[in-house]
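1. Below: sequence and its predicted model.
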Amino acid sequence: MPEEQDNPTDAALVRSAQKGDMGAFEELVARHRDKVYARAYSMMRNEDEALDLSQDAWVKGWQRLRQFHGEASFSTWMTRIVINLCLDQLRKLKRKHAESLEALEEEGGGIERQMGIETPNPTAGLERLELRRRLDRALGQLSPEHRTVLILHEFEEMEYKEIARQMKCSMGTVMSRLFYARRRMASLLAGLKRENLE
């Protein structure tokens, strides 16, 4: 039992936080902030936006904590909150881009500067690091719609129906975007591999 107090489970921390224990919630933030930020960054491709959206997700998580009933893990629940915030932000950006071609050109630059901002894994070898860089570069070259579908399906393991609901489009659109995104990623990764060999 003393072990539980020294290193409480997420579920125990959630129960304490739901009763108003801010310290317990801060511990949950400390445990999961890197994953939440990494997901926001993988969708937004911008450090500042990812930071703002992950912070917004934690505020929303605190506000909605009483609605969390443990159907999924706390980490999954928080990841879904940040994904929804990112999708909303991507929709807003898409509307702005339709109004301003300059904004589109501006956002297209600087992907190289943003590369490699991921949670470090000290056990990963150089090959894995290189693969991560290639994946990150390739993801950065996909459109927000294609990148989002790929992340939700491959990393969050969401079903087509749920992705369609989240992205407010048809299942057919989800399937065609996923098909295109996978094909484009394969082509980009092959190109990056050739670049490295030369």
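-> Everything's here; your move.
2. hmm, who's touching the helix or strand where S54 lies?
-> Using DSSP states H and E, S54 maps to helix 47-63. Helix 47-63 is contacted by residues 17, 25, 29, 33, 36-37, 40-41, 43-44, 77-78, 81-82, 85-86, 89, 114, 117 when judged by CB atoms under 8 Å, 6 or more residues apart in numbering. For glycine as for every other residue, the C-beta is placed from the backbone atoms N, C-alpha and C.
3. And the next helix or strand past it?
-> Defined by DSSP H and E, the subsequent element after helix 47-63 is helix 74-99.
4. going on from the worst-scoring helix or strand of the chain on mean pLDDT, what's the next piece of helix or strand?
-> Every helix and strand in the chain was compared by mean pLDDT, DSSP states H and E; the lowest is helix 111-114, with a mean of 38. Using DSSP H and E, the next helix or strand after helix 111-114 towards the C-terminus is helix 126-140.
5. how far away is the most centrally placed residue in the chain from S54?
-> Per CA atoms, centre = their mean, the C-alpha nearest to the average position across the chain is that of R39, at 1.9 Å. Applying CB to CB, to the nearest Å, the value for R39 to S54 is 8 Å.
6. V14 now?
-> From V14 to S54 the distance is 19 Å (CB to CB).
7. Then A30?
-> 13 Å.
8. Domain boundaries for the protein, per the record?
-> Recorded structural domains for the chain (assignment: automatic domain parsing) are 1-117, 120-198.
9. quick one: average pLDDT of the last one?
-> Over the span of domain 120-198, the pLDDT mean works out to 84.
10. next one: stretch 35-46
-> Stretch 35-46 comes out at a mean pLDDT of 93.
11. next one: stretch 58-71
-> 94.
12. Endpoints of it, how far apart?
-> Its first and final residues considered, stretch 58-71 spans 19 Å by CA to CA, to the nearest Å.
13. one step back: more neighbours: which of A30 and S54?
-> Applying other CB atoms under 10 Å to A30 and S54 shows that S54 carries more neighbours, namely 26 against 9.
14. Just the pLDDT at that one, thanks.
-> So S54 comes in at 96 (pLDDT).
15. L139 versus the closest residue to H153 other than its chain neighbours, what's the distance?
-> Counting by CB to CB, 6 or more residues apart in numbering, L178 is the residue found nearest to H153 once chain neighbours are left out, at 5.7 Å. Distance from L178 to L139, counting by CB to CB: 14 Å.
16. so what sits against both of these two?
-> What both L178 and L139 touch, as defined by CB under 8 Å, 6+ apart, is the set L150.
17. still on that earlier bit, tell me the contacts of the residue nearest to H153?
-> 149-150, 153, 160.
18. Count the neighbours of R64 for me.
-> That count, for R64 with other CB under 10 Å as the rule, works out to 11.
19. so who does it touch?
-> R64 neighbours (CB under 8 Å, 6+ apart): I81.
20. quick one, phi psi at it?
-> With angles defined as degrees, to the nearest 10, R64 sits at phi -100, psi 10.
21. And for Y41, the neighbour number?
-> 22.
22. For it, give its distance to D34.
-> In terms of CB to CB, Y41 sits 10 Å off from D34.
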